[in-house]
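Trainee: one predicted model, sequence on top.
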Amino acid sequence: MKHFVRNLLILIPLLISLSLVSCKEDDSISVSPSEVSIVRNGGKKTLNVTANCAWTLAAPEWLECEPVSGSGNGTVTVKVAKNDELERKDFITFTGGTAMAQVSVTQAGVDFRTTQDL
C-alpha cells in the first residue's frame, strides 16, 4: 500500500504537467482595422492589436509606427508624412510565435495626369 500511495503522489503531478503542456493555446494575432487609407497630406491612425503572445511589427520606411513590439493586447500609432509622389501601398506585418497578421496601408499621392488624359 505504501508503494501505491508513493507512486500515486509521483504520478499525479506528472499527469497535471502533461495536461497543461498539451492544452497550450496556439499563438494568435489579429489587428483592426485590416486596411488603412491615408490622405496625401499625411496623418495618424491607430491600430488595435489583439494577441495572446509577444509580437513585433515590420513596416516600410514611409510609415512611422509606435510601439514596434509588445506583448498581448495593445495599440499601435501609425504616422505618415505628406506624400509628394504617386500613390503608395504596402503592408504592416505583425508576427509573434507562429502567428502573423497584416494591415494594408494606402496613401494617396500626386495625380500627374494632365487634363488631356482625363
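Mentor: That came through, no problem. Source: prediction; values computed, not measured.

Trainee: now stretch 55-69, how far from the chain's geometric center?
Mentor: Remark: stretch 55-69 is offset 10 Å from the chain centroid, using CA atoms, centre = their mean, to the nearest Å.

Trainee: ok, now stretch 36-54?
Mentor: Counting by CA atoms, centre = their mean, stretch 36-54 is centred 10 Å from the centre of its parent chain.

Trainee: now the end-to-end length of it.
Mentor: 23 Å (CA to CA, to the nearest Å).

Trainee: what residues sit buried inside stretch 91-98?
Mentor: 92, 94-96 (16 or more other CB atoms under 10 Å). Just so you know, the C-beta spots here come from the backbone N, C-alpha and C atoms, and that holds for glycine as well.

Trainee: neighbours of residue 36, how many?
Mentor: For residue 36, the neighbour count with other CB atoms under 10 Å is 19.

Trainee: wait, a strand at it?
Mentor: Yes - counting by DSSP: H, G, I helix; E, B strand; the rest coil, residue 36 is found in a strand.

Trainee: that one against residue 91, yeah?
Mentor: No - with contact defined as CB atoms under 8 Å, residue 36 does not count as touching residue 91 (10.3 Å).
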